[in-house]
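K.L.:
Sequence first, predicted model second:
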Amino acid sequence: MKVVLGLLLPCLLAEVWLVPGLTPDPQLPEAQAQLTPTAQNGTGEEDGDEAARDKEDRAEQNGAEEDGEEEAEEAEEPWLTASGQQLSEETSNFGFSLLRKISMRHEGNVVFSPLGLSVAMAALMLGATGQTEAQLGPGLSLPARDQSRPVPRQALFRQLRDRLSRNRELGLTQRSFAFIQEDFDVKETFLNSSKSYFDTECVSLNFHNASQAKRLMNEYIKKETQGKIPKLFDEINPGTKLILVDYILLKGKWLTPFDPVFTEEDTFHLDRYKAVKVPMMYRAGKFASTFDKNFHCHILKLPYRGNTTMLVVLMEKMGDHLALEDYLTTDLVDTWLRSMTTRRMEVFFPKFKLEQKYEMHELLKQMGIRKIFSPWADLSKLSVATRNLRVSKVLQRAAIEVNEKGTEALVGTLSEIIAYSMPPIIKVDRPFHFLIYEETSRMLLFLGRVVNPTLL
């Protein structure tokens with residue numbers, strides 16, 4: 001027997017569609033014990049002695065559960081914020097490392113979700129143990145547990161999803177599914193943990209009838225995503241026991257849209273010798289930007305509603321975009337963001353649509369995550385029947401479409417930054433990189449490279 005884990009990690013489509021899934025459920029009892037500190041008196045109207053006693057006793061009072069949840073959340077915030085910042089930094093750097101691995105295979109268009117892959121693998125960790133589990137965390141650059149407060153790292157992702165789901169302007173939809181072979185014995189603890197942390201919905205199927213299983217799963221996902229993911233599965237192995245599907249659909253609308261009236265066909269230079277015609281959007285207004293003199297690149301900030309931003313990185317010279325990837329880190333991006341200045345300028349930006357599918361398991365093996373894909377994988381927290389049980393695939397399919405309305409869907413390098421070297425007109429008419437991140441958490445949602453905007 002073997003487990004095939006097909007992880008549709010980000011599916012960015014017309015406006016921005018991503019893929020790992022979530023919407024947390026009530027925590028498991030053990031997770032509650034780890035995450036919920038003693039509730040504090042939030043009224044501020046009682047004297048000091050009584051307030052101190054309340055701080056110690058309130059957690060034991062049955063009549064104050066609802067208030068306790070709100071107060072506990074407030075009390076947790078400093079710890080969660082610090083841990084969340086570390087999670088965002090490590091996930092982003094993992095994404096930059098993955099981009100470098102992808103670039104070793106091809107130099108064309110790229111789009112994927114670092115967050116999507118990290119979330120899906122964190123969900124898979126719930127079923128792993130021993131060296132298999134130990135290899136996943138460092139391999140994915142996930143924060144190690146604080147021994148003084150042994151909080152599951154999955155709780156950090158849940159806390160992030162909670163925060164993002166409360167942001168209504170962001171337009172984020174997150175779901176998680178487990179398609180399970182009808183006679184496969186999955187441990188109740190794994191199912192409960194998946195439900196608690198990732199709100200996973202379980203669906204029983206007969207994978208022995210591979211064609212029917214494929215049709216049913218495609219129809220199920222298509223319905224759940226309202227047609228945004230019309231076909232996820234191309235083929236199914238009849239020996240499959242479990243398929244996990246996580247998706248995030250993010251519909252990003254520009255804070256200030258481009259006016260379609262000003263969109264015109266223009267030239268996009270693929271290299272020094274080749275060019276294509278693309279619909280080029282135009283907007284005049286105030287933009288935040290900077291110029292990195294060390295790397296000779298312009299960095300432009302295009303904000304979405306809901307405190308989310310696309311960062312566009314455009315090299316000054318044609319053909320230098322690939323060289324930049326060796327130096328991308330969160331430290332470098334933070335340096336860019338700190339040096340930005342806002343001023344009036346004219347921006348030309350191409351409409352584009354990308355769709356990419358990656359066999360992430362091959363890339364993960366190159367990054368040191370091998371045991372979970374081997375015959376010696378230890379998935380004993382997933383099922384009693386662990387013999388010959390391994391993960392055979394981790395897939396990510398991502399798509400992004402950028403138009404006038406919006407997006408549907410760094411080693412500490414010393415960089416000399418000029419606060420203002422950006423020309424009054426910036427025209428994105430050659431290969432560039434983009435980063436889509438949520439500003440409060442600084443979590444990198446999508447990362448990509450546009451070499452030819454006319455190709456999927």
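P.N.:
Arrived safely, thanks for sending.

K.L.:
For residue 314, see how far away residue 262 is.
P.N.:
20 Å (CB to CB, to the nearest Å). To be clear about C-beta, it is placed using only N, CA and C from the backbone, and glycine gets the same treatment.

K.L.:
Looking at these two, which is more packed in?
P.N.:
Of the pair residue 262 and residue 314, residue 314 is the one with more neighbours under other CB atoms under 10 Å, namely 20 against 13.

K.L.:
contacting residues around that one?
P.N.:
Counting by CB atoms under 8 Å, 6 or more residues apart in numbering, residue 314 touches 297, 298, 299, 300, 426, 428, 430, 432.

K.L.:
from those, which is closest to residue 288?
P.N.:
Top of the list for closeness to residue 288, among these and by CB to CB, is residue 300 at 7.8 Å.

K.L.:
and the gap between that closest one and residue 340?
P.N.:
Residue 300 is 9 Å from residue 340, by CB to CB.

K.L.:
what do you get for residue 204?
P.N.:
For residue 204, the distance to residue 340 equals 51 Å [CB to CB].

K.L.:
So which of the two has more stuff around it?
P.N.:
Per other CB under 10 Å, whichever of residue 204 and residue 340 has more neighbours is residue 340, with 18 against 11.

K.L.:
these two touch, right, that one and residue 288?
P.N.:
Yes. Applying CB atoms under 8 Å, one finds residue 340 in contact with residue 288, separated by 4.4 Å.

K.L.:
Find the residues that touch each one of these two.
P.N.:
Taking CB under 8 Å, 6+ apart as the contact rule, residue 340 and residue 288 both touch residue 301.

K.L.:
Let's see stretch 83-92 as CSV, backbone CA atoms only.
P.N.:
Output in CSV follows, covering the C-alpha atoms of stretch 83-92 (Å, rounded to 0.1, in the frame of the first residue of the first chain):
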residue,chain,number,x,y,z
SER,A,83,6.3,33.2,16.6
GLY,A,84,4.2,34.3,13.6
GLN,A,85,7.0,36.7,12.4
GLN,A,86,9.4,33.8,12.6
LEU,A,87,7.0,31.6,10.7
SER,A,88,6.6,34.2,8.0
GLU,A,89,10.3,34.8,7.6
GLU,A,90,11.2,31.1,7.4
THR,A,91,8.3,30.3,5.0
SER,A,92,9.4,33.2,2.7
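
K.L.:
buried set for that stretch?
P.N.:
When burial is assessed from 16 or more other CB atoms under 10 Å, stretch 83-92 yields the following buried residues: 83, 84, 87, 88, 89, 90, 91, 92.

K.L.:
Helix, strand, or coil at residue 162?
P.N.:
With DSSP: H, G, I helix; E, B strand; the rest coil as the basis, residue 162 sits in helix.

K.L.:
and it, how far is that from residue 155?
P.N.:
10 Å.

K.L.:
So for those two, which residue has more residues nearby?
P.N.:
residue 155 (20 against 14).

K.L.:
Check which helices and strands the strand or helix carrying that one sits against.
P.N.:
Element membership for residue 155, per DSSP states H and E: helix 153-165. Identification of packing neighbours for helix 153-165 by 3 or more CB pairs under 8 Å, 6 or more residues apart in numbering; DSSP states H and E yields helix 29-35, helix 65-103, helix 114-125, strand 172-181, helix 188-198.

K.L.:
Report the beta-bridge partner residues of residue 432.
P.N.:
Under DSSP bridges, the beta-bridge partners of residue 432 are residue 314, residue 450.

K.L.:
gap between the residue nearest to residue 123 when sequence neighbours are not counted and residue 310?
P.N.:
Spatial nearest neighbour of residue 123, chain neighbours left out: residue 198 (5.3 Å); criterion: CB to CB, 6 or more residues apart in numbering. Distance of residue 198 to residue 310, computed by CB to CB: 27 Å.

K.L.:
Between helix 114-125 and the helix holding residue 155, find me the angle.
P.N.:
Angle, helix 153-165 to helix 114-125, by axes from the mean of the first three to the mean of the last three CA atoms, to 10 degrees: 140 degrees.

K.L.:
Just want the angle from helix 153-165 to helix 188-198.
P.N.:
Helix 153-165 runs at 30 degrees relative to helix 188-198, counting by the same axes, to 10 degrees.
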